[in-house]
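K.L.:
Kindly generate the corresponding structure for this input.
(4 chains)
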Number of protein chains: 2
Amino acid sequence: MSAPKLLLVEDDTALAELLEYRFASEGYEVRTSADGDEALMMAAEDTPDLVLLDWMIEGTSGIEVCRRLRRDKATAHVPIIMLTAREAEDDRVRGLETGADDYVTKPFSPRELLARVSAVLRRVRPALAGETIETGDIKLDPVAHRVERRGRALQIGPTEYRLLKFFMEHPRRVFSRSQLLDAVWGTGSEIEERTVDVHIRRLRKAIALDNARDPIRTVRSAGYALEPV
Amino acid sequence: MSAPKLLLVEDDTALAELLEYRFASEGYEVRTSADGDEALMMAAEDTPDLVLLDWMIEGTSGIEVCRRLRRDKATAHVPIIMLTAREAEDDRVRGLETGADDYVTKPFSPRELLARVSAVLRRVRPALAGETIETGDIKLDPVAHRVERRGRALQIGPTEYRLLKFFMEHPRRVFSRSQLLDAVWGTGSEIEERTVDVHIRRLRKAIALDNARDPIRTVRSAGYALEPV
DNA sequence: CATTTTTTCGACAGATTTGTGACAATAAGA
DNA sequence: TCTTATTGTCACAAATCTGTCGAAAAAATG
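P.N.:
Numbering: from 1, shown residues only, chains lettered A, B, ... in the order given. Okay, here's the model as predicted:
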């Protein structure tokens, strides 16, 4: 399984290094920035799976970073855990309103933060936490790299697996062919858009059961979506 | 998702370039003009989603541009944020009276302006921010690209979807055929006006339910409007 | 009531978009 | 090395959508 990618935005160097070390040793891939604008750039370049955001950083404030992350389509759904020094109620409230998923009040133990991160990831993108995702009657176990539907194991190729996993992480949402290319094939892949159609067909075939409805919805002139049956 | 279109009216070239760059990198589509009359022409050609209007521009004054935008049916309801250099109370009051939606006092940070723009757009056109819109008994989810009425999913073609979405973003308002052509088909589409009628009919058919009233009102010799049931 | 204007409706051919099977190239595994 | 899977593209078929007409219906006008 691929290591969850964290983006840590923290200008206290000592704390940042400590956390970086602890998370790395727990199997996370961590990148750090002390500066809000830089962090936003890093997030834009390579979308992280979760952002740890200090509320009190220099330059662009934490709340603003949060807003901007939410506003950009690519990072709009990345979970954010804010690290706040203040006990101040309204800071937390404002944070959660702005779209943070959870907060941790300083001082905190690395262990506590690890637990929160794991919890948020489990809730938002179960596959990253190594947990089985279930959408409708389809179950996907990212650790075993196995997919089953109504108890029956499905045989499914690598690309179709990634495609299905992506869909299951964002059920009901419509994705254009180019969005799917970016998400499943990687940004900048120079692949024909129509190729997506072919893989959709292969995926449909792979997850088809005699008496089950096709859970993949074609949205004409827009793209495809996975609808839980 | 289509990028929100902004029209920036600002004669301070340096500021204009800065803003243009920042907004572009946030996913907006920006056109700029330093001149009031030119700006009005641009707005007429391709209706923007929001206008950023400097109050103190050369030639036609900001307040006049604002008035004229409000007077033209096509741009009457486009939100306007005015950029005012003065702290002067009466300038802001006059602006809001003339029909501006919000104001930002110079000097301001691009960040602050971004926040205002986002807030105004969210308030005025939720679908641009990916929120579901609800008009009467019809619900439209732009993310899932799905329309339902009284809980029942509707089957609806691409053009009818765009048409309905536009109507739902501006309920109760009457639009002429040429306004609809501009908004739904795109400016400069060389399509027969009568064609709108046909798509209205198709939309009516698509959203019809046995026991429900037709929510689309025909306004003879003027156009069509969506009336929440 | 007859006339004029405007809108609705059904039909249709052409255009777009999507589904599908086949195929060569490449990668992976035995 | 030899087999077997997987991948990305095509070309063609199938499905769906589009823009226009012209006739019929409805609404205003006088």
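
K.L.:
Output the lowest mean pLDDT helix or strand found in chain A.
P.N.:
Across the helices and strands of chain A, mean confidence by mean pLDDT, DSSP states H and E is lowest for helix A:89-98: a mean of 51.

K.L.:
C-terminal to that one, what's the next element?
P.N.:
strand A:102-105 (DSSP states H and E).

K.L.:
and that following strand, which strands flank it?
P.N.:
Sheet partners assigned to strand A:102-105 using DSSP bridges are listed as strand A:80-84 (parallel).

K.L.:
Distance from the chain centre to the partner strand, please.
P.N.:
Centroid separation for strand A:80-84 versus its chain: 16 Å, with Cα atoms, centre = their mean, to the nearest Å.

K.L.:
Contacts for the helix or strand harbouring A:Tyr161, please.
P.N.:
Using DSSP H and E, A:Tyr161 sits in helix A:158-169. Residues outside helix A:158-169 that contact it (Cβ atoms under 8 Å, 6 or more residues apart in numbering or on different chains): A:125, A:127, A:133, A:135, A:138, A:140, A:142, A:145, A:147, A:156, A:175, A:180, A:183-184, A:199-200, A:202-203, A:206-207, A:216, A:224-226. Any C-beta I mention is one placed from the backbone N, CA and C, and that applies to glycine too.

K.L.:
switch to 7 Å and redo it
P.N.:
Helix A:158-169 has contacts (Cβ atoms under 7 Å, 6 or more residues apart in numbering or on different chains) with A:125, A:127, A:133, A:135, A:138, A:140, A:142, A:147, A:156, A:183-184, A:199, A:202-203, A:206, A:226.

K.L.:
Filter the residues you listed down to the buried ones.
P.N.:
Neighbour-count burial (16 or more other Cβ atoms under 10 Å in any protein chain shown) applied to the contacts of helix A:158-169 gives A:125, A:127, A:133, A:135, A:138, A:140, A:142, A:147, A:156, A:183-184, A:199, A:203, A:206, A:226.

K.L.:
residues contacting A:Ile156?
P.N.:
Applying Cβ under 7 Å, 6+ apart to A:Ile156 gives the contacts A:Val147, A:Leu164, A:Ala206.

K.L.:
got a pLDDT number for the second one?
P.N.:
The predicted local confidence for A:Leu164 comes out at a pLDDT of 97.

K.L.:
center of chain A, which residue is that?
P.N.:
The residue lying closest to the centre of chain A (Cα atoms, centre = their mean) is A:Asp49, at 4.1 Å.

K.L.:
ok so, going back, and DNA strand C, is the helix holding A:Tyr161 touching that?
P.N.:
No - against DNA strand C, helix A:158-169 shows no contacts by Cβ under 7 Å from any atom of the strand, the least distance being 8.3 Å.

K.L.:
can you pull the contacts of A:Ile207?
P.N.:
Counting by Cβ under 7 Å, 6+ apart, A:Ile207 touches A:Ile138, A:Arg149, A:Leu154.

K.L.:
meant to ask about A:Ala39
P.N.:
Taking Cβ under 7 Å, 6+ apart as the test, what A:Ala39 contacts is A:Leu7, A:Val9, A:Ser33, A:Val65.

K.L.:
Could I get these in JSON lines, plus columns for pLDDT?
P.N.:
Shown next, in JSON lines, are these (pLDDT from 0 to 100):
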{"residue": "A:Leu7", "pLDDT": "93"}
{"residue": "A:Val9", "pLDDT": "92"}
{"residue": "A:Ser33", "pLDDT": "90"}
{"residue": "A:Val65", "pLDDT": "84"}
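
K.L.:
Ranking by neighbours, what's the top pick from those residues?
P.N.:
Ranked by neighbour count (other Cβ atoms under 10 Å in any protein chain shown), these have A:Val9 at the top, with 30 neighbours.

K.L.:
Helix, strand or coil: sort out the residue lying closest to it once chain neighbours are set aside for me.
P.N.:
Distances taken as Cβ to Cβ, 6 or more residues apart in numbering or on different chains place A:Ala39 nearest to A:Val9, at 4.3 Å, with adjacent residues excluded. With DSSP: H, G, I helix; E, B strand; the rest coil as the basis, A:Ala39 sits in helix.

K.L.:
Strands along chain A, start to end?
P.N.:
A:5-9, A:29-33, A:50-54, A:80-84, A:102-105, A:133-135, A:138-141, A:146-149, A:152-153, A:216-219, A:223-226 (DSSP state E).

K.L.:
May I have the strands that pair with the shortest one, each with its orientation?
P.N.:
Listed by DSSP bridges, the sheet partners of strand A:152-153 and their directions read strand A:146-149 (antiparallel).

K.L.:
mind listing what's buried in the partner strand?
P.N.:
Neighbour-count burial for strand A:146-149, with 16+ other Cβ under 10 Å as criterion, is recorded at A:Val147, A:Glu148, A:Arg149.

K.L.:
Do any residues in it lie close to DNA strand D?
P.N.:
No - on the criterion Cβ under 7 Å from any atom of the strand, strand A:146-149 is out of touch with DNA strand D, staying 12.4 Å away.

K.L.:
Distance from that strand to the middle of the chain?
P.N.:
With Cα atoms, centre = their mean as the basis, strand A:146-149 stands 21 Å off its chain's centre.

K.L.:
pLDDT below threshold where in chain A?
P.N.:
The model of chain A has pLDDT under 70 over residues A:1-2, A:58-60, A:73, A:85-101, A:187.

K.L.:
Identify the residue nearest the residue in it positioned nearest to DNA strand C in space, chain neighbours excluded?
P.N.:
Closest contact between chain A and DNA strand C, by Cβ to the nearest atom of the strand, is at A:Thr218 (3.7 Å). Residue nearest to A:Thr218 in three dimensions, not counting chain neighbours: A:Tyr224, with 5.9 Å by Cβ to Cβ, 6+ apart.

K.L.:
Kindly provide the distance from the one you found to A:Val124.
P.N.:
22 Å (Cβ to Cβ, to the nearest Å).
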